[in-house]
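A.B. asks: No sequence on hand, only this structure:
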């Protein structure tokens, strides 16, 4: 296959059906941002929406805004806005708390829905908070934490003992960018009597998701990566409608109560996914999410997926054609499109200074120990020419050896 | 005692050492806001700080702001800013998650620090989320939930069995405005071998607090009432330094890990209060809190307390002198200043329409079922003349019967 030229990339940008969305995001001049899988870019509508929320709803509306501005129902309203991106019904998703807390809630809820089973099964190498929260949930419930590789055959084996209550998996691996087959793995788990929680942190807003269609039980995710809601923005949690009447989660705060303003002495869970809520949510942060989700409500996820795969293909074809690049650079992300999220990971023993040298050129990716260079692809605000330039810069940085400059080797605290 | 005149109130306003703070808050024209105990008013510095955080730190700094803008350490930095208001050391407080989650963490941590004891003791009539979360924690740990009246004698009796691991109390009762004697009750609990969690939702920013001096074990609280950080703003949690090396909480997410960027396979708690953190925090909401705490860093809490008591005395002297007011209006809040928070609660069977009629006059208080009219007093942005006018309006609303107008009886969802 002949290498792609920059001119061909410019042509693809001109024909890109998603090109207009670029104007709805603010990015600094001179930057090619390939870290939207860690922190999404700023939607242009966010500053105005947040300012309005602060000055009008809070400053002038004051306490009356709990009713007048719909604050009380915001976790449900935002959940319903988000649901189409997840293949969920509007009443199966609520927004609130963070990923860690929502993993805890759903692990415990899953254990209770699956009595007699005592194992919480996770995946080797999952994002640390998934692992750590599972350990926390196992310790407090007396369940046993186990891990297995996230391959269908290995999961089938780990599930075959019939003692797994809940399986927690990431839909896309944060380090490798591998996309898991949600339908197939959910079917395997169900066949062995286990429930599944899907962590969608690296897939929500990155590709089409079909929770209902796959028969998923629970899902959690963040909104600050591909969903562009701002650093640390509130998380979401999904519970399939069939589980809602029976599920009981331990963070049983008053926002999840059936009659919160009844001030009843005892907890009674609300109907539906609302019972997964705990306490008051940071509504200033919710306002940013609201503005971002209004952009997403106009996006065709099939177009996003098509462009995402085209962008990652393009990047790979320049940086690591056939799976390898300059100086032993190695493709970590699966080459098969159907097994790839919206991210390209490459391995190199000097990954850290290489990423730093790229950042010095204005190409922002990130590094994950021990040797992974991560590049995220966000079709709403990235073009083909930019990806061409970024991949070319990566090759040049490695071939020129400019990453050996000592100023690129100093580790900062957050990498 | 001769009744206070409006002229005398104007003189007190002119002499008020806190008067200059009024200009640091934005309030609508024509409103006397006595609901800062539910949602604090907007500090004038918040819109600018939040806009800067969104546009510069997020929009331009992007992922680098985790280091460059200090995002990673924000929970500790904000905790240290808040600590002086709580009588705590800077390393005993972190900001993150909500009150409900932090109650859950500290209840479970307290149980683990007190092995062999199986009872979680709460107070009759505490704010519902405190009760509901205690039920959730009891269910998951196998502990027993009990409640007692929050009087020293009743608590002494409830603690005397020697089986109470943790006592959870509100420092100020949300309904009655009663202030509990933190030092005395903490001493009683410790004498009986129990640990104490103080819920400071209605005292933080309302009066001086001395957690360290009282020997408190844990504390939790919100920042959206007297601390003016905006609706649903992140909560805080305190752990006395002596407990920090041993405490283990179940929401063991990666922000509480000893080496979060080591991506280790197993959870190891961080040193200090950081181990009470779970996951990423909503940093846009944190920016509002930061701006508000910068106001608080210039405030003398003894002056706040003196003015708070003067304002509540003034309000009571007009609305319910000697404990009763027009049409059987009855003072619920203790008359003794040392037993009073920064709130006046009054009881009347028609409390709901009376509060609505007052709101129609621009005096904003709130109502708590079944019969309590609540008025919060926030010395940074309330003056004596305003309180005089508010109390006078309350008397007029009741005496005139204008609350009987049917438009004041329609219940809205959030009261």
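C.D. replies: Yep, that arrived. Quantities reported herein were computed from a predicted structural model and do not represent experimental measurements. Numbering: from 1, shown residues only, chains lettered A, B, ... in the order given.
A.B. asks: roughly how far apart are the closest residue to residue A:247 other than its chain neighbours and residue A:269?
C.D. replies: Once flanking residues are discounted, residue A:247 sits nearest to residue A:109: 4.5 Å by C-beta to C-beta, 6 or more residues apart in numbering or on different chains. All C-beta spots, glycine's among them, are computed from the backbone N, C-alpha and C. In this view, residue A:109 and residue A:269 are 10 Å apart by C-beta to C-beta, to the nearest Å.
A.B. asks: of those two, who's got more company?
C.D. replies: residue A:109 (25 against 20; other C-beta atoms under 10 Å in any protein chain shown).
A.B. asks: now the helix or strand hosting that one, how far from the centre of its chain.
C.D. replies: Using DSSP states H and E, residue A:109 sits in helix A:99-113. Relative to its parent chain, helix A:99-113 has a centroid offset of 18 Å by C-alpha atoms, centre = their mean, to the nearest Å.
A.B. asks: quick one: it to helix B:99-113, angle?
C.D. replies: Calculated by axes from the mean of the first three to the mean of the last three C-alpha atoms, to 10 degrees, helix A:99-113 forms an angle of 70 degrees with helix B:99-113.
A.B. asks: Let me know the next secondary structure element after helix A:99-113.
C.D. replies: According to DSSP H and E, the helix or strand after helix A:99-113 is strand A:119-123.
A.B. asks: picking that back up, surely the residue nearest to residue A:247 touches residue A:244?
C.D. replies: No: checked against C-beta atoms under 8 Å, the pair residue A:109 and residue A:244 is beyond contact range at 10.1 Å.
A.B. asks: and the helix holding residue A:109, what does it pack onto?
C.D. replies: helix A:128-141, strand A:164-170, strand A:195-199, strand A:218-221, strand A:236-239 (3 or more C-beta pairs under 8 Å, 6 or more residues apart in numbering or on different chains; DSSP states H and E).
A.B. asks: Need the phi and psi values for residue A:93.
C.D. replies: Main-chain torsions, residue A:93, degrees, to the nearest 10: phi -130, psi 130.
A.B. asks: Actually, residue A:172.
C.D. replies: The phi/psi pair for residue A:172 (degrees, to the nearest 10) is phi -120, psi 130.
A.B. asks: That one: how many residues sit nearby?
C.D. replies: 25.
A.B. asks: didn't it look like it was pressed against residue A:339?
C.D. replies: No: Residue A:172 is beyond contact range of residue A:339, at 9.9 Å (criterion: C-beta under 8 Å).
A.B. asks: Need the residues touching each of these two.
C.D. replies: A:178, A:179 (C-beta atoms under 8 Å, 6 or more residues apart in numbering or on different chains).
A.B. asks: quick one: contacts for the residue nearest to residue A:247?
C.D. replies: With C-beta under 8 Å, 6+ apart, residue A:109 has these contacts: A:218, A:239, A:243, A:247, A:248, A:249, A:276.
A.B. asks: What count of nearby residues applies to the fourth one?
C.D. replies: When you say that, I think you mean residue A:247. 22.
A.B. asks: ok, now the second one?
C.D. replies: Residue A:239 is flanked by 30 other residues according to other C-beta under 10 Å.
A.B. asks: Look up the pLDDT of it for me, please.
C.D. replies: Residue A:239 is assigned a predicted lDDT (pLDDT) of 98.
A.B. asks: Please name the nearest non-neighbouring residue to residue A:170.
C.D. replies: Using C-beta to C-beta, 6+ apart, the nearest residue to residue A:170 is residue A:199, at 4.5 Å.
A.B. asks: hey, what's that neighbour bridged with?
C.D. replies: residue A:170, residue A:220 (DSSP bridges).
A.B. asks: Please tell me how far it sits from residue A:241.
C.D. replies: Taking C-beta to C-beta, one finds residue A:199 at 20 Å from residue A:241.
A.B. asks: try residue A:21
C.D. replies: Distance from residue A:21 to residue A:241, by C-beta to C-beta: 32 Å.
A.B. asks: Kindly report the same for residue A:275.
C.D. replies: 13 Å.
A.B. asks: Same question for residue A:276.
C.D. replies: Distance from residue A:276 to residue A:241, by C-beta to C-beta: 13 Å.
A.B. asks: hmm, back to that, what residues are shared contacts of residue A:109 and residue A:269?
C.D. replies: Contact criterion C-beta under 8 Å, 6+ apart; residues shared by residue A:109 and residue A:269: A:247, A:248.
A.B. asks: Looking at residue A:21 and residue A:241, which is more packed in?
C.D. replies: residue A:21 (20 against 13).
A.B. asks: who's in contact with the least confident helix or strand in chain A by mean pLDDT?
C.D. replies: None of the helices or strands of chain A scores lower by mean pLDDT, DSSP states H and E than strand A:366-368, at a mean of 93. Taking contacts as C-beta under 8 Å, 6+ apart, the residues outside strand A:366-368 that touch it are A:35, A:38, A:174-175, A:345, A:351-352, A:355, A:373-374, A:415, B:63, B:263.
A.B. asks: List the buried residues in the helix or strand just after that strand.
C.D. replies: The helix or strand immediately downstream of strand A:366-368 is strand A:372-376, counting by DSSP H and E. For strand A:372-376, a neighbour-count test (16 or more other C-beta atoms under 10 Å in any protein chain shown) marks A:372, A:373, A:374, A:375, A:376 as buried.
A.B. asks: Dump these into JSON lines; add pLDDT as well.
C.D. replies: Shown next, in JSON lines, are the buried residues of strand A:372-376 (pLDDT from 0 to 100):
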{"residue": "A:372", "pLDDT": "96"}
{"residue": "A:373", "pLDDT": "98"}
{"residue": "A:374", "pLDDT": "97"}
{"residue": "A:375", "pLDDT": "98"}
{"residue": "A:376", "pLDDT": "98"}
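A.B. asks: could you dump the residues you listed to a markdown table with distance to chain B?
C.D. replies: Output for those, formatted as a markdown table (distance: C-beta to the nearest C-beta, whole Å):
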| residue | distance to chain B |
| --- | --- |
| A:372 | 10 |
| A:373 | 14 |
| A:374 | 11 |
| A:375 | 12 |
| A:376 | 10 |
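A.B. asks: related to what we said a few turns ago, any of the contacts of strand A:366-368 buried? List them.
C.D. replies: Applying 16+ other C-beta under 10 Å to the contacts of strand A:366-368 flags A:35, A:38, A:174, A:175, A:345, A:351, A:352, A:355, A:373, A:374, B:63, B:263 as buried.
A.B. asks: By pLDDT, give me the weakest of those residues.
C.D. replies: Lowest pLDDT among the buried ones among the contacts of strand A:366-368: residue B:263, 89.
A.B. asks: Might one say that that residue is in contact with residue A:129?
C.D. replies: No: look at residue B:263 against residue A:129 with C-beta under 8 Å: they stay out of range, at 10.4 Å.
A.B. asks: on that earlier part again, and the helix holding residue A:109 with strand A:195-199, angle?
C.D. replies: 170 degrees.
A.B. asks: Now helix A:99-113: average pLDDT?
C.D. replies: The model assigns helix A:99-113 a mean pLDDT of 98.
A.B. asks: now the helices: where do they sit in chain A?
C.D. replies: Along chain A, the stretches classed as helices by DSSP state H are A:6-15, A:46-52, A:65-68, A:74-86, A:99-113, A:128-141, A:152-159, A:182-191, A:211-214, A:283-296, A:301-319, A:351-360, A:384-400.
A.B. asks: Distance to residue B:117 for these - can I get that in CSV?
C.D. replies: Output for those, formatted as CSV (distance: least, C-beta to C-beta, whole Å):
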stretch, distance to residue B:117
helix A:6-15, 67
helix A:46-52, 46
helix A:65-68, 39
helix A:74-86, 36
helix A:99-113, 23
helix A:128-141, 17
helix A:152-159, 38
helix A:182-191, 39
helix A:211-214, 43
helix A:283-296, 38
helix A:301-319, 53
helix A:351-360, 49
helix A:384-400, 59
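A.B. asks: low pLDDT regions in chain A?
C.D. replies: A:1-2, A:411-415 (pLDDT under 70).
A.B. asks: one step back: direction included, what does the least confident helix or strand of chain A pair up with?
C.D. replies: By DSSP bridges, strand A:366-368 pairs with strand A:372-376 (antiparallel).
A.B. asks: wait, what's in contact with the residue lying closest to residue A:178 once chain neighbours are set aside?
C.D. replies: What sits nearest to residue A:178 in space, not counting adjacent residues and going by C-beta to C-beta, 6+ apart, is residue A:334, at 5.5 Å. Contact analysis of residue A:334 by C-beta under 8 Å, 6+ apart lists A:176, A:177, A:178, A:179, A:340.
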